[in-house]
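S.K.: Provided below are the primary sequence and the corresponding predicted coordinates.
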Amino acid sequence: MEVTVNIDGQKATQRFKGQAIVDLKENHFTFLTNERMLLNPYHVKIGASKPRTLFGIQLERENFLISFLKNINKSKTIKIFFWGTHNIAMEAEYICGRNIILKHDISFPGFTAELMGNKGDSPAIWIRNGIALTKEGEIIKSGIVVTYKAELTV
């Protein structure tokens, strides 16, 4: 299945592999896939520049996010807002050298993480595809993850 989204004169397309369940009686179908939806639009502000609209597919597959992070020593800040809001999906602030402060909303699918209580412990929380799962099996769909003095390895 191919899905196209048009926003602010920009277009993004993503092709999904999956299965369709057709209900002939009700005249509708349901499409199921394991692939991540990357068509979400975001407002992206790099340094002092004017915000621009980018889709998740551009941030991930076209490597915009990696490029922005690699050049954060020049821009000093990166802010990605959920579309149509002032809510931060991700924010990075340059400290010095290869160190940054990184904040991201759990629901922002741009990052995966394994959070440990102490160094060497097994993960206590896994974050994937905009959802966090604790080792006790609790599902967390909202909240902010903050990493101070994260070392960039992109």
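M.R.: It's in.
S.K.: which residue is nearest the centroid of this structure?
M.R.: Taking Cα atoms, centre = their mean, the centroid of the chain lies closest to Gly110, which sits 2.3 Å from it.
S.K.: any idea what Asn73 is structurally, helix, strand or coil?
M.R.: When classified by DSSP: H, G, I helix; E, B strand; the rest coil, Asn73 comes out as helix.
S.K.: for the closest residue to it other than its chain neighbours, which residues are in contact?
M.R.: Leaving aside its chain neighbours, Asn73 sits nearest to Tyr94 (5.6 Å; criterion: Cβ to Cβ, 6 or more residues apart in numbering). Bear in mind the C-beta positions are built from the backbone N, C-alpha and C, glycine included. When the contact criterion is Cβ atoms under 8 Å, 6 or more residues apart in numbering, the partners of Tyr94 are 72-73, 75-77, 100.
S.K.: hmm, 10 Å instead?
M.R.: Applying Cβ atoms under 10 Å, 6 or more residues apart in numbering to Tyr94 gives the contacts 47, 69, 71-78, 100-101, 152.
S.K.: bridge partners for it, pull those for me.
M.R.: Note on Tyr94: beta-bridge partners by DSSP bridges are Ile100.
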